[in-house]
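1. Just need the structure, nothing else, for what follows:
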Amino acid sequence: AFSRDGARKVYVQDLLREDGREVWSLLGCRGGHLYICGGTAMGREVVLALQRTAVEHGKLSEAEAAAFVSRMEGEGRLVKE
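-> Below you'll find the predicted structure:
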């Protein structure tokens, strides 16, 4: 994603939502890992996008999606730097 290059701003969280079905398959179904490196605000937006993806594609409730993200962090599958 490139938020500073070109006229069109492309953000990581937007690409995660755009590819939500595949993201859920990789993270929710196959136990993948997600590493977030960058600004604090961007990291929060990426986590929110992941939670929305869990709701939309994983059919989780909001509370279940938040628990899923917390579980990923606890398992070392979600790392924020």
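2. what stretches of this structure score poorly on pLDDT?
-> The chain contains residues with pLDDT under 70 at 1-5.
3. Quick check: the gap between Glu75 and Asp19.
-> According to C-beta to C-beta, to the nearest Å, Glu75 and Asp19 sit 22 Å apart. The way it works is simple: take the backbone N, C-alpha and C, and place the C-beta from them, glycine included.
4. In terms of neighbours, single out the busier of the two.
-> More crowded of Glu75 and Asp19, by other C-beta atoms under 10 Å: Asp19, with 13 against 10.
5. Please look at Glu64 and Ala54 and confirm they touch.
-> Yes. With contact defined as C-beta atoms under 8 Å, Glu64 reaches Ala54; the gap is 7.4 Å.
6. between those two, which one's more packed in?
-> Ala54 (25 against 14).
7. I figured that one hits Arg71, correct?
-> No. Assessed by C-beta under 8 Å, Ala54 is found out of contact with Arg71, at 10.7 Å.
8. which stretches of this structure form helices?
-> All helices of the chain, identified by DSSP state H, fall at 12-18, 20-24, 40-58, 62-74.
9. mind giving me TSV with those and columns for distance to Leu34?
-> As requested, those are exported to TSV (distance: least, C-beta to C-beta, whole Å):
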stretch	distance to Leu34
helix 12-18	9
helix 20-24	8
helix 40-58	7
helix 62-74	7
